[in-house]
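1. Provided below for reference: sequence and predicted model.
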Amino acid sequence: MTTLYKYRPLTEFLFKELYYQEIYFASYSELNDPLDLSARIDFTPKKISEINNLLWFLFKTTLKLGDSEKTLNSKEVANNQNLLKFNEDKKLRNEYKTLLFKKLSQFGNENNFISIDDLENILLSTSEKIPFKLDLFSFKEEIKRLASKFLENSHTSCFSESNNDFLMWSHYASKHSGICLEFTLENSGLFPYVMSEKRTQNKEEYLKKMSNWSIGQTMFWERIKKVIYQENQPHINFFDFSPVFNNEYDCDLIGLSKGWTHYFAYELENVFATKTLPWAYEKEWRAIEINFGDKKEPEERINHYPIECLTGIYFGIRTPENVKKRIYKIFEKHSKHNIQYFSAVATSGRELEFEYWEYYEE
């Protein structure tokens, strides 16, 4: 059994979230850490054969294709011809591949990370070894586009092991005017969700002045991961993820429907559940949804939790009394589930204390 807490700011959205038992999954642009839900790409190779994937990307973004609206100039045509001739020359290609692997491996061993800018400098230093000019601008733009699609479209909902941290109440609960939800998870490491099925149309029942309706629901448990804190920002390896970048439109990858795709989802989960040391005081847990498809609108990133897992609600030092009563009535009206209520008490230290709060009529 695990007890986790979720801080919520005081907004009009809060009451809707509570009424419908919503858990919102934020995108990386909505999080206060600009490095969250994004991943640096490391270009350090482990073996020489991996350089083939890098060359494929470099050649793909350098080769220029004409169309009905744009024709190639003489320089582009000549560069294309030289690139294709070089690609067919196994001896020259292997020599260049060996050189790149040596330089990248040496730089990676010395620095423990190769950024895309580092890679660009290494490629420029080897430019005299190839009879054509690499289009490094297009290469970097393509990597940026793919990174945005595959590394920045996922979402997370954040929880904490702590409900009494003064700074977290300031940052995430409207400067102590919001609330903190307490979730008790019977299955440790898993968070429960409820999904309602589509209502079956029934014209006869609809026409009655009063009729009973029922909507089927499915409850399921999904992973929730404890955040790991380390000195450096986490990253993925370009060569490890090249099957993702090379299969952009594969429906199995987009839907994560085949076993080979799950590895990449798990790897990203681990990356997104890793933060740098300054955030360690948050004692964070994360529910993470990996998305390799199109961007999801905010309303598509809402899940619902069963009321049974919500065991407590904590009010901040500044939470207005009318807000406390409004929240109490939300759950008292449509749920027989026993939820305990607490109100924060200021202390001289960083950790708050709480006392029981009871509803009263004025």
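-> Done, it's in.

2. you'd agree Ala280 is up against Ile228?
-> No - judged on CB atoms under 8 Å, Ala280 makes no contact with Ile228 at a distance of 9.6 Å. From N, CA and C alone the C-beta is placed, and that goes for glycine too.

3. tell me the contacts of Ile23?
-> Residues in contact with Ile23, defined by CB atoms under 8 Å, 6 or more residues apart in numbering, are 6, 157, 193, 287, 302-305.

4. what do you get for Asp294?
-> Asn153.

5. which intervals of the chain have sub-threshold pLDDT?
-> Across the chain, residues meeting the criterion (pLDDT under 70) sit at 34-37, 68-69, 335.

6. Give me the buried stretch members for stretch 289-302, please.
-> Using 16 or more other CB atoms under 10 Å as the test for burial, stretch 289-302 gives 289-292, 296, 301.

7. How about stretch 279-290?
-> Under the neighbour-count criterion of 16+ other CB under 10 Å, stretch 279-290 has 282-290 buried.

8. Mind exporting the C-alpha coordinates of that stretch to CSV?
-> C-alpha atoms of stretch 279-290 as CSV (Å, rounded to 0.1, in the frame of the first residue of the first chain):
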residue,chain,number,x,y,z
TRP,A,279,14.1,18.9,-7.3
ALA,A,280,14.7,16.1,-4.9
TYR,A,281,12.8,17.9,-2.1
GLU,A,282,9.6,17.2,-4.0
LYS,A,283,9.8,13.4,-3.4
GLU,A,284,7.8,13.1,-6.6
TRP,A,285,6.0,10.2,-8.3
ARG,A,286,4.8,10.3,-11.8
ALA,A,287,2.0,8.8,-13.9
ILE,A,288,3.3,8.9,-17.4
GLU,A,289,1.6,8.5,-20.8
ILE,A,290,3.9,7.9,-23.7
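
9. Run through who's touching it.
-> Residues contacting stretch 279-290 (CB under 8 Å, 6+ apart): 4, 23, 25, 33, 154-162, 165, 167-168, 191, 222-227, 229, 256, 265, 268-269, 272-273, 275, 301.

10. Could I get the contacting residues of Phe166?
-> Contacts for Phe166 were tallied using CB under 8 Å, 6+ apart; they are 350-352.

11. Kindly report the same for Lys103.
-> 122, 125-126.

12. Select only the buried ones of those in PyMOL?
-> Here is the PyMOL selection string for the buried members of the contacts of Lys103, based on 16+ other CB under 10 Å:
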select buried, resi 122
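
13. picking up where we left off before, pull the most distant pair out of the buried residues of stretch 289-302.
-> Maximum pairwise distance among the buried residues of stretch 289-302 (CB to CB): 15.0 Å, between Phe292 and Arg301.

14. in the stretch 251-362 of the chain, which spans are helices?
-> Secondary structure of the stretch 251-362 of the chain (DSSP state H, counting those that start in this stretch): helices at 251-255, 259-272, 321-334.

15. Which strands and helices lie in contact with the first one?
-> Counting by 3 or more CB pairs under 8 Å, 6 or more residues apart in numbering; DSSP states H and E, the packing neighbours recorded for helix 251-255 are helix 259-272.

16. I figured Ala346 was touching Glu355, is that so?
-> No - look at Ala346 against Glu355 with CB under 8 Å: they stay out of range, at 11.5 Å.

17. returning to that earlier point: right, so the helices of the stretch 251-362 of the chain: which one is the most enclosed?
-> helix 259-272 (a mean of 16; mean count of other CB atoms under 10 Å).

18. Just the CA trace of that helix, in PDB.
-> Extracted C-alpha coordinates of helix 259-272, given in PDB (Å, rounded to 0.1, in the frame of the first residue of the first chain):
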ATOM      1  CA  GLY A 259       6.300  -5.900 -28.500                       C
ATOM      2  CA  TRP A 260       9.200  -4.200 -30.200                       C
ATOM      3  CA  THR A 261       7.700  -0.800 -29.600                       C
ATOM      4  CA  HIS A 262       7.300  -1.300 -25.800                       C
ATOM      5  CA  TYR A 263      11.000  -1.100 -25.100                       C
ATOM      6  CA  PHE A 264      11.100   2.500 -26.300                       C
ATOM      7  CA  ALA A 265       8.000   3.500 -24.300                       C
ATOM      8  CA  TYR A 266       9.600   2.000 -21.100                       C
ATOM      9  CA  GLU A 267      12.900   3.800 -21.800                       C
ATOM     10  CA  LEU A 268      11.100   7.100 -22.200                       C
ATOM     11  CA  GLU A 269       9.100   6.400 -19.000                       C
ATOM     12  CA  ASN A 270      12.400   6.000 -17.200                       C
ATOM     13  CA  VAL A 271      13.900   9.200 -18.700                       C
ATOM     14  CA  PHE A 272      10.800  11.200 -17.800                       C
END
